[in-house]
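**Student:** sequence first, then the predicted structure, then my questions.
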Amino acid sequence: MKEKLNELDTKSEQAKELGIELPKDGYWGNTSSKVCGMVGGAEGGNFTKNAVQSFEEMLSKRNK
């Protein structure tokens with residue numbers, strides 16, 4: 001399931017896949033932080049993973 005979530009482009013798509021009802025007015029302020037973390041966690045994790053990978057590649061090119 002994690003792989004499928006990583007392929008989705010937006011947090012709204014991730015929420016739908018997780019079975020989380022999207023706020024009809026688009027305002028997430030009344031949604032619990034636990035639920036928001038479920039949606040944003042996958043995206044944030046990918047961002048960090050990609051940033052570390054990019055930095056490591058830059059360092060390896062620099063040391064050659």
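**Tutor:** It's in.
**Student:** so which residues of this protein form strands?
**Tutor:** For the chain, no strands are identified by DSSP state E.
**Student:** helix or strand with the lowest mean pLDDT in it?
**Tutor:** Within the chain, judged by mean pLDDT, DSSP states H and E, the helix or strand with the poorest mean is helix 2-7; its value is a mean of 55.
**Student:** show me the shaky parts of this structure.
**Tutor:** Where the chain drops to pLDDT under 70, the residues are 1-9, 40-45, 64.
**Student:** where exactly do the helices run in it?
**Tutor:** 2-7, 11-18, 33-62 (DSSP state H).
**Student:** out of these, which comes closest to Lys24?
**Tutor:** Counting by CB to CB, Lys24 lies closest to helix 11-18 out of those; the figure is 12.3 Å. Just so you know, the C-beta spots here come from the backbone N, C-alpha and C atoms, and that holds for glycine as well.
**Student:** elements contacting that closest one?
**Tutor:** Secondary structure elements in contact with helix 11-18, counted by 3 or more CB pairs under 8 Å, 6 or more residues apart in numbering; DSSP states H and E, are helix 2-7, helix 33-62.
**Student:** what's the angle from that helix to helix 33-62?
**Tutor:** On the basis of axes from the mean of the first three to the mean of the last three CA atoms, to 10 degrees, helix 11-18 is oriented at 120 degrees to helix 33-62.
**Student:** no further queries at this time; thank you.
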